[in-house]
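K.L.:
With the sequence up front, the predicted model follows.
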Amino acid sequence: MAWKCPTCGEVNHSDSMLRCTCGYELDDSVIESTKVTLCPGCLEHNYVDQDSCKKCGLNLKLYRSNPYFDMSSLYEPNSGMTRPSRELPLEFNGSAREYFRIWIVNLCLTLLTAGIFSAWAKVRKKRYFYSHTMLDGTPFQYLGRPLPILKGRVIAATAFSAYYVSSHFFTEVLPYILLAGAVLAPWVIIRSAAFNARYSSFRNMTFRFDGKYLDGLKATCAWVLIPVLLVGIFFKWSGTNAVMAAAFGIFGLLFPWWIRRLKSFIIGHTSYGSKKGEFFATSGQFFKVYLSAGLIFIPVGIITVIMGSTIFSFLKDSQISLLVTAVPGYAGYVLAYAYIKSHGNNLVWNHMRLGRLRFNSTLLARGMAKLYLTNALAIIASLGLMTPWAVMRTLKYRADNLHVLLEGDLSDFHGTETSAVQAAGAELGDFFDLDLSL
C-alpha cells in the first residue's frame, strides 16, 4: 500500500519506506490516514477513506464494494469532473456479393487495358472499403483520383524496370541501383504516407502527414539500409554469396528495430484535426514479437527437415518428399506470420494515441492463422473467385478486434488546411510492396 507524505505530498510506494525524501518520518498514529490507492478511472492517487475520486468523480466506495460494477454508472452526478474514455463503435459492413461486382469489373478491365485501368480500380476499391468502415456511425471517405495514381504507377513501373534490368543483365551495377533505391526510400515512404493521409477523410476533415526527407532518411536508410548496402559494395556483393548472406543477416537482426523506427516516424508525423499522433512502443517489444515468431517457426522447420530426409531415404523420390514436407512447412509459416501480424498490430495500435483518441487491438494469433488458412483454401478451391469473400471477412475480423476509445468529444478535432500531394510515392510503395499501414 502506498502512502502520501502530509508535508510535501509525495507518494511513497512501500510501507517499509517510513521516511519521505523530504525528511518527514511516518508515525504509526497517522499511517492509516496517509494510505492512498489508485483510482481505476483516471489513475489518480486518492486516500483510502475517500468516498469519491477528487479528479474524475468516480464513486470509490461503490467500486470497492464491487469492482465488477459498470464504471460508467459510478460517477457522481454534476461533479463537473471528466469521465474516462468511452468506446466509439467501429464497424465494417462490406458485403462479399457487392464487392465481387467491383472486383470482377476491376480485374477484367485491368487485363483488357494492359494495366491502365488499375488506377481507376484502386480508387473504386478504396472508396468501397472506406465507405463501409463506420466509426461512431460515420463512414470514412477516400478522395483519391485516378489520374495522379496512374502517373505514379508509370514512375513506379520505370523504377522497377531499372531494378529488373540491373538484376538480370547488369548485375555488377545492382548494388549501386539498390543504394540509389535506399536513398530514394525515405521519399517513397513520405510521399506514400502524405498521399494516403491527404486523400483519407473522416467527418469532412482529411488526415495530414508532415514528415520531412531528412527525418525519413534517418529513420529508414541511415541506420540499416545504407550500412548493409555499403558492406555489400565493399566486398563486391554480386559475386560473394557469403557476404550477401551476412548482409541479409545483419538486416534481419536489425529489422524489428527498423520497423519500430518506421512506425514511430509515420505515426509521429500523422495528424488529424491538428492533433498529432504519438507512439510509445519500444524496440525491445518489437524484438520480442519477431523472436517469438522465430521460435514458433524453428521447431516446425526442424520437423519438416527430419520428415523430408526420412521419406526420401525410404522412397528415393525427391518430388514426393518435397510435397509431403511442404504441408508442415507451410503450416509453420502461416503460424509464424499470423503471430507477427496479430501481435505486431496489437503492439502498434495499443501504444499509440491521436489527440484524445487511443486504441485497443485484440487480434489473436490463432484467429489470424485460422482466417489465413480458410481464406487460402477457399481461394484455391474456387480458382480465385472467392477472393472478395476472403477480403471482406479479413477486414471485418480486423475491425471487430479494434476498439477506439475517446476521452472527450470528437468536436475537439479541428480541421487544418492541406495541399495536394503527388501520388508517385504512394504508387512506388504499392509497386514494391512496402507495408506502410498502421
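P.N.:
That came through fine. Residues are numbered from 1 along each chain as shown.
K.L.:
Where do the strands of the stretch 251-400 of the chain begin and end?
P.N.:
For the stretch 251-400 of the chain, strands defined by DSSP state E, counting those that start in this stretch occupy the ranges 270-272, 275-279, 352-354, 357-361.
K.L.:
Against residue 379, how distant is residue 398?
P.N.:
Going from residue 398 to residue 379 by CB to CB, to the nearest Å gives 18 Å. C-beta here means a position set from N, CA and C on the backbone, and glycine is covered the same way.
K.L.:
Out of the strands of the stretch 251-400 of the chain, which is closest to residue 35?
P.N.:
Of all those, strand 357-361 sits nearest to residue 35, with 30.1 Å by CB to CB.
K.L.:
Output the closest one as PDB, restricted to C-alpha atoms.
P.N.:
Only the C-alpha atoms of strand 357-361 are listed here, as PDB (Å, rounded to 0.1, in the frame of the first residue of the first chain):
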ATOM      1  CA  LEU A 357      -8.100   9.000 -29.200                       C
ATOM      2  CA  ARG A 358      -6.400   5.800 -28.100                       C
ATOM      3  CA  PHE A 359      -6.800   2.300 -29.300                       C
ATOM      4  CA  ASN A 360      -7.100  -1.300 -28.100                       C
ATOM      5  CA  SER A 361      -6.400  -4.000 -30.600                       C
END
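K.L.:
Who are the packing partners of it?
P.N.:
For strand 357-361, the elements it packs on are helix 318-350, strand 402-406, judged by 3 or more CB pairs under 8 Å, 6 or more residues apart in numbering; DSSP states H and E.
K.L.:
quick one: contacts of it?
P.N.:
85, 275, 345-346, 348-350, 352, 401-407 (CB atoms under 8 Å, 6 or more residues apart in numbering).
K.L.:
ok, of these, which come out buried?
P.N.:
The neighbour count (16 or more other CB atoms under 10 Å) marks 85, 275, 345-346, 348-350, 352, 401-404, 406-407 as buried among the contacts of strand 357-361.
K.L.:
ok, so of those residues, who is nearest residue 338?
P.N.:
Distance ranking of the buried ones among the contacts of strand 357-361 against residue 338, using CB to CB, places residue 345 first at 10.7 Å.
K.L.:
Among the contacts of strand 357-361, find the lowest-pLDDT one for me.
P.N.:
Within the set of the contacts of strand 357-361, pLDDT is lowest for residue 85 (65).
K.L.:
Report the two of the contacts of strand 357-361 separated the most.
P.N.:
Comparing all pairs in the contacts of strand 357-361 by CB to CB, the longest separation belongs to 275 and 401, at 24.0 Å.
K.L.:
before we move on, the earlier item: the strands of the stretch 251-400 of the chain: which one's closest to residue 331?
P.N.:
Residue 331 lies closest to strand 357-361 among the strands of the stretch 251-400 of the chain, at 24.8 Å (CB to CB).
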